[in-house]
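Engineer: Curious how this folds, go ahead:
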Amino acid sequence: MFDIVDKHKRAVQIVLALITLPFAFFGVDYYFRHGETVTEVARVGDVKVTQIEFDEAVREQQNRLRQQLGAGFDPAMFDNAEVRYQILEQLINQKLLQDKARRDALRVSDVQLQEVIAAMPVFQDNGRFSADKYRQLLAAQNMTPIQFEERMRQELVLGPLTDPIAIGSIVARPSEERYLSLLEQQREVAIATLPAAAFAKDVSVDDAAVKTFYDNNTGAFKTPEQARFEYVVLTPEAVQSQVTVDEADAKTYYQANLKQFGQQEERTASHILVAVKPDAKPEEKEAARKKADDLAAQAKANPGSFAELAKKHSQDPGSAAQGGDLGSFQRGTMVKGFDDAVFSMKEGEIAGPVQTEFGYHIIKLTGITAAKVKPFDEVRPQIETDLKRQKASTRFAAAADQFQNLVYEQADSLQGVAKALNLKVQSSPLMTRAQAQSIAMGNAKFVDALFSPDSVQSKRNTEAVEVAPSTLMSGRIVEYKASAPIPFEQVRDQIRQQLVRRAEAEAAQKAGNEKLAELAKGKSEQEVGLSFAAPVRLERTKPAPNVSPDALRRIFQANSTKLPQYIGAPEPGGGFTIIKVTQVITPTVTDDQKLKAVGNQMGDQISRELFSAYLASLKGKSEVKINQANLEKR
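Structural biologist: The predicted structure follows:
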């Protein structure tokens with residue numbers, strides 16, 4: 001019954017690998033309410049990519065990266081034109097696929113959608129779909145079932161477009177073996193090192209060279225600008241902490257939303273399915289009906305034999321082995337005909353045959369769990385939290401407007417906005433730009449505003465900057481120290497050491513390249529004065545001590561038909577390494593599990609390339625227009 005999940009798994013993975021933005025940002029009715037008034041960023045044929053969709057896509061990507069990078073996240077990266085074009089490109093690809101599915105009249109039925117969602121482990125308890133868990137998890141993501149189901153439907157409807165690509169990316173076993181053999185190949189090497197320090201006696205740096213370097217790089221020898229500043233931050237949490245909810249409001253909410261705090265009636269049932277294909281001939285349907293009648297008669301005559309009959313005769317692979325047990329479920333979970341029958345039966349009753357699109361069902365109702373409502377005292381904390389969040393959400397918009405106005409109107413101090421909104425004025429020590437940016441949640445725009453010439457000179461409040469979603473911040477310089485040149489005397493020794501190290505490294509590299517040239521002419525290692533360490537074996541995919549990633553790559557690119565091969569590579573510390581490749585060890589590939597993993601990896605890569613080509617072909621058949629001004633505006 002749930003084979004649609006496995007059938008589309010590979011295809012869905014391909015789509016998600018190339019299109020990382022969600023399809024449904026808003027409820028379906030949103031487009032009917034606002035469709036003619038929104039600004040468009042691009043147009044794909046007759047379909048718009050709206051400014052709202054684009055802005056929401058940017059926020060979605062920002063939130064994803066903020067979670068991944070933490071303090072290292074810099075929102076300024078989304079001001080980059082290339083990044084914004086990439087996000088728009090993803091949205092355009094979505095529209096191309098949706099348009100193709102629409103033109104091909106592709107559909108996903110309610111039953112198919114129900115099967116896919118019910119089979120998702122995240123919505124299950126003990127292997128069974130849980131309606132309560134479903135609603136709770138969606139609510140935690142600020143998403144309604146209607147929004148989620150519409151998103152899933154739009155993703156699944158692309159199956160007929162993506163399945164052929166997934167099927168076409170099957171990799172032959174010889175290709176898997178060849179790839180894995182190359183992946184696990186080892187190469188034996190010996191290493192000789194020319195340390196930079198060995199050339200110290202040949203290097204001298206005079207005072208004139210040191211001074212010249214200082215004069216030519218004055219920008220590198222400056223103290224960073226620093227500032228001590230005050231700042232205030234407005235967040236939904238700050239507003240929510242000031243919201244109170246009295247008991248009367250909580251009780252009113254409770255009475256108005258009793259269903260939310262109740263557990264719907266659940267019923268436990270088992271069934272025997274006599275399957276009928278949608279394209280079955282009349283005589284096949286009649287035969288299935290007669291078999292179902294016979295099984296129903298046997299079950300009703302001997303109710304205790306129901307489980308054995310299900311194990312022996314039911315054609316539902318998901319429940320037959322469990323004696324037909326379907327577990328417990330609420331009204332609306334199963335297909336309509338089945339659902340109506342179950343919720344009209346008495347406990348212990350056997351009914352049927354009941355016809356659905358899957359065939360004929362003989363149903364046994366094994367249990368009823370009555371609906372119940374949680375008492376007010378039990379859910380009061382949850383209600384108060386929800387009401388606070390609702391009130392805070394309403395108040396935050398007004399507070400944000402007031403915040404922006406006050407930091408502008410009372411620009412000489414942050415005390416006014418802090419007092420009006422019950423916020424705290426915080427103070428920093430002397431900080432560099434980078435340190436200030438860490439306080440501003442990684443937001444470069446706030447730092448640019450704070451350290452702007454006008455802000456530094458006037459010591460007035462910055463504008464209100466959104467440093468994170470629904471988080472406004474304003475700051476004011478209290479003390480400023482400009483960047484200043486560091487006197488030559490303080491950095492002279494540092495520059496000299498830097499120039500000596502550079503000269504030693506250059507001498508080591510020159511000597512190493514000269515030895516490589518002599519080896520290439522046929523001279524022996526002894527003749528060029530090289531002494532190699534004991535041979536070691538290296539693997540293509542594993543880092544090795546004393547071998548840089550670039551050197552490792554070159555080792556496995558070296559011509560293996562004529563050994564030894566010599567490779568030169570600068571060392572990070574300034575020396576030079578000469579690597580002698582002496583042997584190639586190619587493994588015999590027999591591990592089926594590894595071959596399968598490699599085949600999947602190769603197949604995924606082929607699928608991505610095919611899918612990219614498919615998207616390019618769709619784009620070539622459609623007129624795509626981009627509104628440059630709307631794309632670039634912030």
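Engineer: first vs last residue of stretch 330-346, how far apart are they?
Structural biologist: Stretch 330-346 has an end-to-end distance of 15 Å (CA to CA, to the nearest Å).
Engineer: buried ones in that stretch?
Structural biologist: By 16 or more other CB atoms under 10 Å, the buried positions in stretch 330-346 come out as 330, 333-335, 338-339, 341-343, 345. Any C-beta I mention is one placed from the backbone N, CA and C, and that applies to glycine too.
Engineer: With stretch 523-536 instead?
Structural biologist: 525, 528, 530, 532.
Engineer: got the contact list for it?
Structural biologist: 188-192, 515, 518-519, 544, 578, 580, 582-583 (CB atoms under 8 Å, 6 or more residues apart in numbering).
Engineer: which two in the residues you listed are spaced the farthest apart?
Structural biologist: The distance between the two most remote of the contacts of stretch 523-536 (CB to CB) is 26.3 Å, for E518 and A544.
Engineer: Surely N461 is within a strand?
Structural biologist: No. Counting by DSSP: H, G, I helix; E, B strand; the rest coil, N461 falls outside a strand, being coil.
Engineer: what's near enough to touch it?
Structural biologist: Per CB under 8 Å, 6+ apart, neighbours of N461: 407-408, 410-414, 474-476.
Engineer: ditto for T432
Structural biologist: T432 neighbours (CB under 8 Å, 6+ apart): 224-226.
Engineer: let's see 10 Å
Structural biologist: By CB atoms under 10 Å, 6 or more residues apart in numbering, T432 lies in contact with 223-227, 438, 447, 451, 481, 483.
Engineer: And for L421?
Structural biologist: Counting by CB under 10 Å, 6+ apart, L421 has contacts 232, 234, 238-239, 242, 395, 399-400, 402-403, 406.
Engineer: Quick one: buried ones out of the residues you listed?
Structural biologist: Applying 16+ other CB under 10 Å to those flags 232, 234, 238-239, 395, 399-400, 403, 406 as buried.
Engineer: from those residues, which two are the most distant?
Structural biologist: Across the buried ones among the contacts of L421 (CB to CB), the longest gap, 16.8 Å, separates V232 and R395.
Engineer: Can you find the helix or strand in this protein with the smallest mean pLDDT?
Structural biologist: None of the helices or strands of the chain scores lower by mean pLDDT, DSSP states H and E than helix 28-34, at a mean of 30.
Engineer: Determine the next helix or strand in the C-terminal direction from that one.
Structural biologist: The first helix or strand that comes after helix 28-34 along the chain, using DSSP states H and E, is strand 40-44.
Engineer: Give me the distance between that next one and the centre of its chain.
Structural biologist: In terms of CA atoms, centre = their mean, to the nearest Å, the centre of strand 40-44 is found 25 Å from the chain centre.
Engineer: From the contact counts, what lies against it?
Structural biologist: strand 47-50, helix 51-69, helix 81-103, strand 624-626, helix 628-632 (3 or more CB pairs under 10 Å, 6 or more residues apart in numbering; DSSP states H and E).
Engineer: Make TSV out of the ones you listed and add mean neighbour count and distance to V589.
Structural biologist: As requested, the helices and strands packed on strand 40-44 are arranged in TSV below (neighbours: other CB atoms under 10 Å; distance: least, CB to CB, whole Å):
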stretch	mean neighbour count	distance to V589
strand 47-50	20	47
helix 51-69	16	35
helix 81-103	17	37
strand 624-626	14	45
helix 628-632	13	49
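Engineer: Adding distance to A464 and mean pLDDT, write the ones you listed out as a markdown table.
Structural biologist: Listed next are the helices and strands packed on strand 40-44 as a markdown table, based on distance: least, CB to CB, whole Å; pLDDT from 0 to 100:
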| stretch | distance to A464 | mean pLDDT |
| --- | --- | --- |
| strand 47-50 | 26 | 84 |
| helix 51-69 | 18 | 78 |
| helix 81-103 | 23 | 84 |
| strand 624-626 | 31 | 85 |
| helix 628-632 | 22 | 70 |
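Engineer: Out of the ones you listed, which gets nearest to L615?
Structural biologist: Here helix 81-103 is closest among these (CB to CB), at 5.3 Å.
Engineer: Kindly calculate the angle that the closest one makes with strand 40-44.
Structural biologist: 50 degrees (axes from the mean of the first three to the mean of the last three CA atoms, to 10 degrees).
Engineer: Run the chain-centre distance for helix 81-103.
Structural biologist: 17 Å.
Engineer: before we move on, what about stretch 598-617?
Structural biologist: For stretch 598-617, the separation from the chain centroid amounts to 19 Å (computed by CA atoms, centre = their mean).
Engineer: ok, and for it, which residues are buried?
Structural biologist: 598-599, 602-604, 606-608, 610-611, 614-615.
Engineer: Stretch 230-246 now?
Structural biologist: Buried-residue list, stretch 230-246, by 16+ other CB under 10 Å: 230-236, 238-240, 243, 245.
Engineer: Domain-wise, how is this protein divided?
Structural biologist: 3-107+157-169+608-632, 185-203+488-585, 223-245+398-485, 265-370 (automatic domain parsing).
Engineer: Quote the end-to-end distance of the third one.
Structural biologist: When the termini of domain 223-245+398-485 are compared using CA to CA, they are 6 Å apart.
Engineer: And the shortest one, by the same measure?
Structural biologist: Using CA to CA, one end of domain 265-370 lies 5 Å from the other.
Engineer: next one: that domain to chain centre, how far?
Structural biologist: On CA atoms, centre = their mean, the centre of domain 265-370 falls 41 Å from that of its chain.
Engineer: What's the mean pLDDT across it?
Structural biologist: Domain 265-370 comes out with an average pLDDT of 91.
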